[in-house]
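[1] Predicted model and sequence follow; I will ask about them next.
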Amino acid sequence: MKSKLFLAAALAVVATAGVAYAKPDANQMAAVADKGRPEADTKRDADRKPAEMLEFAGVKPGQTVVDFLPGGGYFTRIFSKAVGAKGVVYAVSGPPRVSNDPAKPAPTPAQDVIAADPAYANVKSIHAPLTSGVVVPTKADVVWTSQNYHDVKNVPNVDMLAFDKSIFDALKPGGVFIVLDHVANPGDPNSTKTLHRIDPAVVKQEVTAAGFKYEGESTVLKNPADDHTKGIRDGFTQGQTDQFIYKFRKPK
């Protein structure tokens, strides 16, 4: 009897912590195994744990996923394969860079390159000022942003409440907003601009203020050896910072 009570208590602790322990399904694993992914991306899989991220976010075939500020498209390609031909991935970022030197044109954004690739035909590229928030043509099941929430706070004249509400409006009822970012110490005034980190409590406060319900956290990218006092490129190899992954849900 005591052992059963101990097990129940332990399960309650896990549920309260909101940690995702379920294994990625076959579709999620296949999306990560996509042979079309660049080698530079696949080399980072051990650090970024993309299959676990898909499972935590609940990405399934047929869904609409927004990859906000996708950078080089690491997750964009994976989302494309995970949602399949009946799904859609909106890769959303600010306006493309413009070169002042005609002899050296600005590189084409990775999200545009991916959207033009027939192997990722379900990817749609959207460029808009970040102060406009996240606006997509159809309601999404998942809005995802990886290591970018702290950058949005550095955008001049951005209204974080309006930004988070734009994500709330972009989601279907019951949809989820996933925020993955580098952990900062509470109250550090240099966290977002100098260190490129953010206090997880700030994210939780801001996102829930927009109407979201905090649902839980994945700890698979935790690194207790990181004391959060250094910049993310100051003495760290890529992917080795302490990172949090929060899930917020839009109420049905």
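    Good, I have the coordinates.
[2] what's the burial count for Thr64?
    A count of nearby residues for Thr64, using other C-beta atoms under 10 Å, gives 24. (Glycine included, C-beta is placed from N, CA and C.)
[3] Phi and psi next, for it.
    phi -110, psi 120 (degrees, to the nearest 10).
[4] Identify the residues contacting it.
    83, 87-90, 136, 138-142 (C-beta atoms under 8 Å, 6 or more residues apart in numbering).
[5] Which ones among those map onto helices?
    Among the contacts of Thr64, the members falling in helices (DSSP state H) are Val83.
[6] Pull out the buried residues from the contacts of Thr64.
    Neighbour counting with 16 or more other C-beta atoms under 10 Å marks 83, 87-90, 136, 140-142 as buried within the contacts of Thr64.
[7] In JSON lines, list these along with distance to Tyr74 and pLDDT.
    Shown next, in JSON lines, are those (distance: C-beta to C-beta, whole Å; pLDDT from 0 to 100):
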{"residue": "Val83", "distance to Tyr74": "16", "pLDDT": "98"}
{"residue": "Gly87", "distance to Tyr74": "18", "pLDDT": "98"}
{"residue": "Val88", "distance to Tyr74": "18", "pLDDT": "98"}
{"residue": "Val89", "distance to Tyr74": "13", "pLDDT": "98"}
{"residue": "Tyr90", "distance to Tyr74": "16", "pLDDT": "98"}
{"residue": "Val136", "distance to Tyr74": "20", "pLDDT": "98"}
{"residue": "Ala140", "distance to Tyr74": "19", "pLDDT": "98"}
{"residue": "Asp141", "distance to Tyr74": "20", "pLDDT": "98"}
{"residue": "Val142", "distance to Tyr74": "16", "pLDDT": "98"}
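[8] Out of the residues you listed, which is nearest to Arg77?
    Val89 (8.9 Å; C-beta to C-beta).
[9] which residues touch the nearest residue to Val136 once chain neighbours are set aside?
    Excluding the flanking residues, the one nearest Val136 by C-beta to C-beta, 6 or more residues apart in numbering is Tyr90, at 4.7 Å. By C-beta under 8 Å, 6+ apart, the contact list for Tyr90 reads 64-67, 123-124, 126, 136-137, 140.
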